[in-house]
Structure formats: structure tokens, C-alpha cells
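**Student:** Just to be clear, the model below is a prediction. Sequence and coordinates:
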Number of protein chains: 2
Amino acid sequence: MSPDRQSLEPAAAIDAADPLAGFRDEFVHADDEPDLIYLDGNSLGRQSLRSAAAVVEALEVQWGRRLIRGWNEGWFELPRRVGDQIADLVGASPGEVVLADSTSVSLYKAALAALGARPGRTRILTDDLNFPSDVQVLRAVAAAAGPDHEVVVVGSDGVHGPIDAIRAELEADGGDRVALVSLSHVAYRSGWRWDLAEVTALSHGHGALMLWDLCHSVGAVPIDLTAAEADLAVGCTYKYMNGGPGSPAFLYASARLPELVNPVAGWYGSEDPMGFDFDAGRALGVDRFLTGTPPILSTVPVGPAVDLLLEAGMDRLHAKSVALTERFIALVDQWLVPLGFEVWTPRDPTQRGSHVSLRHPEARAVGQALIHEESVIPDFRPPNLLRFGFAPLYVRHTDVDEAVARTVRVVNGGGIDRWRDVAPVVP
Amino acid sequence: MSPDRQSLEPAAAIDAADPLAGFRDEFVHADDEPDLIYLDGNSLGRQSLRSAAAVVEALEVQWGRRLIRGWNEGWFELPRRVGDQIADLVGASPGEVVLADSTSVSLYKAALAALGARPGRTRILTDDLNFPSDVQVLRAVAAAAGPDHEVVVVGSDGVHGPIDAIRAELEADGGDRVALVSLSHVAYRSGWRWDLAEVTALSHGHGALMLWDLCHSVGAVPIDLTAAEADLAVGCTYKYMNGGPGSPAFLYASARLPELVNPVAGWYGSEDPMGFDFDAGRALGVDRFLTGTPPILSTVPVGPAVDLLLEAGMDRLHAKSVALTERFIALVDQWLVPLGFEVWTPRDPTQRGSHVSLRHPEARAVGQALIHEESVIPDFRPPNLLRFGFAPLYVRHTDVDEAVARTVRVVNGGGIDRWRDVAPVVP
């Protein structure tokens, strides 16, 4: 397989004209794996040189030399300062986004806060495209809210968001039972992307609050939380945002909703943490959703990584994401569908994020063979999906062609058999 | 002031014979501040060379080169593996300690789990020596548990743990109202240290569960949670444990109490995170208290830092801590009490941790002058306390003498005035 064997424009020519091409050089590319094609930036983004420098500075200068003084020299405000950068990225205002805790803990806080603002309503609505941890957390939230609360998980076809079923649940039993709708903006398996404004308006139309999980969309597609009139959102920073393994999640709470109360109130979100007052009130703005001391070394890489996204611009990044995924799907149709693969992601680019999932009965073994024999890293989601993530900051069109070519080679070469019993790369 | 002007054994001689002296060389000492005396290891511990190397390895090799494969090559098990090391340090068994989230979030989980195991009891008991975030979190827990729940904050004299008042509250109203007693093992202000076994037995005797906050004691005093029959404990890892700014807290849940349920259930604490099943059961052991993806770069330094404590041995570390604090108090009595300072820490070494607090009407200005004019770093706690922390892994007896001498110089030199309006170093 080579580009001139099909109708697409040569990948090298597109890459040469790519206005974002220079951003690839902002990232670490290990010289011991020059042929690595990394298509798992939707799970853990590459490391930018700027983020690496920031960690080294935090390690050697801030902690190593300045010690406790680091808290006065930038650490203390870090969750809020990086939050304001992320606000720029997701169409929020300063003071509406803060960085802290894991996505799951942040989701717990946001969802329980939402229930507190909708007394008398007992249902949390989500769908089966959502990430399992989200559903587990929402159930924990329902349990914390009381025995009458429940999570309703709407079924889908496995690829597309079940908008009609969600509307039906919002209208059910008089239309006033749902307190909160919580969905993943981009679904972790199929890559389905909801219309933020449409679903938010639907939820509001039935008196429910809306909580978005932006983990699989932030940094890959344009997001305007203000225009969508979103209430609450959380998102991780280690996928397309390139913040590093387990970097803290962000939490967005609309300034329109000062009545929302952080249910896990701790000192870091009090009005004067250094006053050491049991009875301190809560901080203003989204800062009130902070709880404990933030993990500084894991927080430090996030800011410089967000800078890169802001410099590239989400519109340009998204245009490249669409080009990469369109090209991948075209090549899959031509080369991989005949080998038993099925595109398990919406074909309409307005309905997907920046990863494409392929269904194949041997998906797990194909994935392992790609990693270990062909230096292509996708990831596997049971029982039968391979996800290929196209992070537009550093993935090239030539990578798309090469990934498909190597997948063809793996399958045709019969190398899959010996990878059937190898544990998949996580997560 | 010099050692031969009082009755103490010369500090240099003690340091020369100190069996732990070599551990000081395991830590970073910046060559641009050769005279720095760092007595704030009770807020943020120094950086060990091993921890620094671990962060660089995680940054350059694991994230930088191995990318997503890092999760298969050690990251995934890190919270549990480091937890098992900490278990060694606190007298727990493997599978009873896990590293995750901030202290405040961990406390929330542990306390709400405890309430779930004591239905019908509506009181959480603590004291006014406890850290403000703990009291704020316990109140949030009471609010989550229902409108009938409340936190009772027992008053103290500001220095000593109010054991009689706690007993009285346990016995009040029939003696069956308290679900949970939660205290700081060592108080952050006065340094008061509770007897773990005594207070735990007292709580159990009245049917209450016991939750210890070990933030200010772990790594400084011997802890045996098994012998104390403790139920639950949390502790931060960035003070005497030297895990780095905001490194994750640990959570201990006794294996005797499998009925305790993590109220913030997320994927990382499910029985098979990589199975991606909404309905997955919870993991066995303390792993069930995990929630979301852990902050890897902030977690990596903790393990090597715990190794240092284990190699030094808690008995030897504690003996040195007692020697350092006894010497400091003796010198304070001789040199600083005449200048208006008051020892605000128990004089019985079995009743304190490894920091000594001094009360002084100008405490804040004295602290700032020490930092900025004398390269001595204590910390300030409003309204009038200076805390001096003696981390036995790297503080010398000569540091004790020198810190007192410099404090005398600051006060007698009249340099305090210009520091009255400078913001204190936090936290």
C-alpha cells in the first residue's frame, strides 16, 4: 500500500503544507524508537518539551532549593491559574475552571452539588456510551443523596448518542424527575460526539442541570461552554491536553450558579486557607470546589501544555483532526474492511471526536501485534475494539498512511496468533 | 551563645556520633544557601536524591519514551505498591494502605464510610486541636450523611489533648450517639500527640469507630496501627515523609472491617478497572478505596522517600527526634523565654511529635525576619505561633543550636519591625 495507489492526496504533501507541522517539534520523540507511530494520545498525550522543562524546574529549583517557599512563589495559585488557561480553551470565563483531584473525584463533587440544587428530583440520567467510572461515580452520588435517588442508564446502538431515549426519559413520569443529565461529550469507545448546546438546552428545558465529561474531547474539538449554557463540566488533562500521567482533572462550574455547593469542602477551597479557621466560609467562584492540597509535580506540566493548544488554536487543531480521521477512515475502508475490520465511529465528522475505533474479532491480538511488531500504538477496549487516536498537535498524515499499512502487514503476515494471550496495554 | 555556655553536651560531638548522620547526605542541600537551616520539614520535607532520580526517570523514560506503556510497566500498581511500603512504616499489613487523592478527600471517604457502618449513630467527635481542613471535611461528611448528623468539636487548653472531654462526649446521652471519633495523632499547632491505642480503645469501648489523621506524625514517631487496633487512618506524604509538594495522601482501612464501603467509588477501585464494566464489583482490600487515576509524577517520589525512613528505622528516628526537640526546648528556656517566647508544646516527649511551637506576640514578624535575614525557616501559624520542625533524617544538633542563636540575634538586633507587614510563608 502506498498513497499513490489510491485517490487521496499524498500525505507528505499535506504534511509539508500543514500550518501546525511545527508543533510536532514541541514534543519529545524518543530516538530509540524512530519508527514509533503513537496513536494513543487519546489515552496519554505525548510530553512537550515545555512541560518537561516545567517539571524539572519544579523539581530542581522550586522543591529542591526553595522548599516551602515554593508555596508563596506560584504553587498556591496553580490550580486556579491553570484553570483560567483551560477556561480559555473551553469557552469559559476566568474563575469558572479550577484544576484539582482526579476526574472521578471531580465528577463526584459536581454531580452531588447538582443534586443539592434540584431537591425533590431523584434521577440522574446518563447513557451506556459513558465511561464506566462515570457511571460508577454517578451511582455513588445517587447513594450519597439518599435511598430514593437512582441512575438511569439509557441504552444506545453502541456508536451513536441515544438522543431520543434521553428525551423520553426527561419527559417520563411527568417530566420533573430528572435532576441531572451527565454525559461524555465524546464517547470513549465509539468516539461519538454530542452537540453540547443541543443536549444542554434539552436538559434545561426539562428543569435538569447538565454535567459534561470533556475527557475525550478537550484539546481535540472546539468547546464553548458559555455558548452552550453548560452548568458543570469536568475533564482530564492527560489525553489531548498532554498534561502527563494522571495529571489532575479540571472542574468547570458556571458563574451563573453560585448556589452550587461543593460537597467535599476542605481547606483549599475555603475563603482563607491560611487563616486556619474551622468556621471559614467558602471561596468565591469555582475555587470553592477545591478541597485539599493539589499534587504540584503532576500539576506543573499542564499549564505549558495548554499554552501549546492555545497557540495552535482549537479551530486549526480541529480542522486537522477532521482531515486525519477522514483520511484514516478512507484508508480503512479501502484496506482494512476487506480484512474483517469495521468502522465503529460515526462517519460524520461533526459527530465524532479525534479517535476512530475499529471493530474486529481479533482486536486485542491485532493491537498487541501492532505494538510489539510494528511500533504502532493504538489501544484496545474489550471485547473487540481498537482505538486509533489522532492528536492533531503531533500526528502527521504520513503517520495515518503508515499505521494502516502496518496493520495490513500484521494481519496478512499472520503474526496475530502469538499475541492472543498477552495482557493489553492500559488504560 | 555557644554550646559551652550552657550545660548541654556539645552539638558537634553528638552529630559526629549520630548513627543517622549519613542520611543527611541522601538529601538535596542547595549550594546557593549553604547556611540555610530548614526547620519546616513538618510542612514540606526536603527532597531526597532518590526521589529526585525517580521523578526524572518517570519524566524522561516512562512518560517521555514509554508513553502509555508506562501503565503496564509500574504505574498501575503504584498506589498499592507504595501503600504496602507505608504499611511497613505504620504497623499495617499489605493490602491495608493505599496511596491516592489528597488528605482531605481521603478523610472524606474514610469518615463517610465509617458513618455507613454505624447506622443510627449521628455524631462525629473531634477536638479543637485538629487541623481546620479536617473539621471542615467532617462537617461536609455529616452533611452528606443527613440532616440529623453533626460534628462535635471538643475544646482543649490549646496545647494538650482533651481526653476527659472526649470521654464525656462519648458517654453523653446514653453513650451510643457517637459513630466516629476523628483526631489528629499529632496536633498541627501545639504538637500534642495522642496515645493511639488508648484513644482507639476508648472509642471502641463506646461503640464508635476511630479515624486517625497521621499527617504530623508519620515519619517522625513510631506508629503501630495494628497494635492500636485502629480502624481507619489517613496521612499526607509531604511532611516528614518527604514525598514532595502535594504528593498524594495515604488511606489505611483495617482488614478487620471489610464492611466499610468507599462512598466515592470510581473505576480505579473496581475489581477490574480494565474490564470497563459499569456493574463491576469493588476491589478487595484497601484498593476498594481508590477512585480515579492517580497523579503519577506526584506519586513517584514517595516510594524512595519511604525507603529512607524504613532504612533509618522509626525507633532510631524517633530517638533522634526526642533528642533534637529536648535540646531545642532546653535552649529556648535558657535563651528565648527571657525574650518573651513561651513553649507551646508538651514538655513530655511521649506527648509530642517532632515539632515545637513557640508563642510570641510578634511571632509572625520574628518568623519573617528569621527567613529573610537569618536563613532559618520555621513557619508561622496565626495568631502568634512559630513552629520549628525537627525532621530527624536531616536536621542536626548543630542546627538546633544555630537556630536558637539566630533567633536571639534577630530579636536583640531589633530587625523585627520591618517584617510586620510581610505575608507569611505558607502553608
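**Tutor:** Done, it's in. Numbering: from 1, shown residues only, chains lettered A, B, ... in the order given.
**Student:** So what are the structural domains in chain A, by residue number?
**Tutor:** When chain A is parsed into structural domains using automatic domain parsing, the resulting residue ranges are A:3-48+A:313-419, A:52-310.
**Student:** Any chance of CSV for those domains, columns distance to B:Asn412 and mean pLDDT?
**Tutor:** For the C-beta atoms, the positions are set from N, CA and C on the backbone; glycine is no exception. Listed next are the domains of chain A as CSV, based on distance: least, Cβ to Cβ, whole Å; pLDDT from 0 to 100:
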stretch, distance to B:Asn412, mean pLDDT
domain A:3-48+A:313-419, 52, 95
domain A:52-310, 26, 97
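**Student:** mind putting the ones you listed in TSV, mean neighbour count and distance to B:Pro349 included?
**Tutor:** Compiled in TSV, those are given as follows (neighbours: other Cβ atoms under 10 Å in any protein chain shown; distance: least, Cβ to Cβ, whole Å):
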stretch	mean neighbour count	distance to B:Pro349
domain A:3-48+A:313-419	19	47
domain A:52-310	22	25
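**Student:** Can you check which of these gets nearest to chain B?
**Tutor:** domain A:52-310 (2.6 Å; Cβ to the nearest Cβ).
**Student:** quick one: the closest one to chain centroid distance?
**Tutor:** When C-alpha coordinates are averaged (Cα atoms, centre = their mean, to the nearest Å), domain A:52-310 and its chain have centres 11 Å apart.
**Student:** quick one: terminal-to-terminal distance for that domain?
**Tutor:** Counting by Cα to Cα, to the nearest Å, you get 18 Å between the two ends of domain A:52-310.
**Student:** Likewise for stretch A:31-47?
**Tutor:** In stretch A:31-47, first residue to last residue: 14 Å (Cα to Cα).
**Student:** Could you confirm whether that stretch reaches chain B?
**Tutor:** Yes. Using Cβ under 8 Å from any Cβ of the partner chain, stretch A:31-47 reaches chain B at A:32-33, A:38, A:40, A:43-44, A:46-47.
**Student:** Next: stretch A:347-355.
**Tutor:** No. If you take Cβ under 8 Å from any Cβ as the test, stretch A:347-355 misses chain B, and the best it gets is 13.1 Å.
**Student:** Just the CA trace of that stretch, in PDB.
**Tutor:** Presented in PDB, the C-alpha positions along stretch A:347-355 are these (Å, rounded to 0.1, in the frame of the first residue of the first chain):
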ATOM      1  CA  ARG A 347     -18.600   8.800   9.700                       C
ATOM      2  CA  ASP A 348     -20.000  12.300  10.000                       C
ATOM      3  CA  PRO A 349     -17.100  14.400  11.400                       C
ATOM      4  CA  THR A 350     -19.500  16.700  13.300                       C
ATOM      5  CA  GLN A 351     -20.500  13.600  15.300                       C
ATOM      6  CA  ARG A 352     -17.100  12.400  16.400                       C
ATOM      7  CA  GLY A 353     -14.000  13.400  18.400                       C
ATOM      8  CA  SER A 354     -10.400  12.700  17.300                       C
ATOM      9  CA  HIS A 355     -10.200   8.900  17.700                       C
END
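**Student:** Now do it: everything it contacts.
**Tutor:** Applying Cβ atoms under 8 Å, 6 or more residues apart in numbering or on different chains, the contact partners of stretch A:347-355 are A:42, A:160, A:185-186, A:190-193, A:216-217, A:220-221, A:240, A:321-322, A:324-326, A:329, A:345-346, A:387-392.
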